[in-house]
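*Asks:* A structural model of the following input is requested.
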Amino acid sequence: MNKALTGLLLGAVLAVIWSAVDGARSPDEQTEHQKIIAELEAEAEALREKLRRQQEGSAEPTEPQEEPADPSPNDDLAAVTPGCMSFSQVLRVGSRGEEVKDLQKFLQSNGYFEYQEITGYFGPETEQAVKDFQAAHDIVSQGDPQSTGFGQVGNETQEKLIDLTCETE
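*Replies:* So this is what the prediction gives:
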């Protein structure tokens, strides 16, 4: 797809979304729409980067990821995730980087994160996977990131992830 067509398509999608945000009836609806917009913008940026790499001839081939064989949240999670996770910050919607990628890999390999690609962007899909993980491990199961931490990777969730991924001697 050429750059002009990609830009035009992206602009049209964003224009439709922005008009939906402007017409939203409540602050909660506006916040949800803004989250979706942020995720779409991150995905668009990732696609632009991928297109740039392909045009430069340095595109990295992507290997299909195998789905885990019948993942169960009660299995020994450390056994399917090599390496010890560490965190330098609370991860929440809008966070980006290697820590988010590691989180997504862990959640995906254990059946919580169903998005096909590890993006390094903490969007609604990652938030839902974190909520599912938190509920399965009795960390928190209601509320929101601001009130209870439900959906963000704060201290308690980080401690559980570290416990599950770090070897103890």
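*Asks:* Pretty sure residue 92 sits against residue 150.
*Replies:* No: assessed by Cβ atoms under 8 Å, residue 92 is found out of contact with residue 150, at 10.9 Å. For glycine as for every other residue, the C-beta is placed from the backbone atoms N, C-alpha and C.
*Asks:* With adjacent residues omitted, what lies nearest to residue 120?
*Replies:* Nearest residue to residue 120, sequence neighbours excluded (Cβ to Cβ, 6 or more residues apart in numbering): residue 101, at 4.3 Å.
*Asks:* can you pull the contacts of that neighbour?
*Replies:* Neighbouring residues of residue 101 by Cβ atoms under 8 Å, 6 or more residues apart in numbering: 118-120.
*Asks:* any weak-confidence spans in this structure?
*Replies:* For the chain, applying pLDDT under 70 flags the ranges 1-36, 38-40, 42-53, 57-82, 168-169.
*Asks:* What residue spans form the domains of it?
*Replies:* Using automatic domain parsing, the domain parsing of the chain gives 3-55, 77-165.
*Asks:* give the contact list for residue 83.
*Replies:* Neighbours of residue 83 in contact, by Cβ under 8 Å, 6+ apart: 102, 165.
*Asks:* distance of it from residue 113?
*Replies:* Counting by Cβ to Cβ, to the nearest Å, the separation of residue 83 from residue 113 is 17 Å.
*Asks:* ditto for residue 125
*Replies:* Taken as Cβ to Cβ, the span from residue 125 to residue 113 is 7 Å.
*Asks:* Quick one: residues in contact with stretch 152-162.
*Replies:* Outside stretch 152-162, the residues within contact range by Cβ under 8 Å, 6+ apart are 84-87, 90-93, 103, 106, 127, 130, 133-134, 137, 139-140, 145, 149.
*Asks:* Run a quick neighbour tally on residue 127.
*Replies:* Using other Cβ atoms under 10 Å, residue 127 has 20 neighbouring residues.
*Asks:* My guess is it contacts residue 91. True?
*Replies:* No: contact criterion Cβ under 8 Å: residue 127 and residue 91 do not qualify, at 9.7 Å.
*Asks:* and the residue nearest to residue 120, what helix or strand is that in?
*Replies:* For residue 101, the host element (DSSP states H and E) is helix 98-109.
*Asks:* and the next element down the chain from that helix?
*Replies:* Using DSSP H and E, the helix or strand that directly follows helix 98-109 along the chain is helix 124-136.
*Asks:* just the angle between the helix or strand following that following helix and helix 98-109, please?
*Replies:* Downstream of helix 124-136, the next assigned helix or strand under DSSP H and E is helix 155-165. Orientation check (axes from the mean of the first three to the mean of the last three Cα atoms, to 10 degrees): helix 155-165 against helix 98-109 gives 60 degrees.
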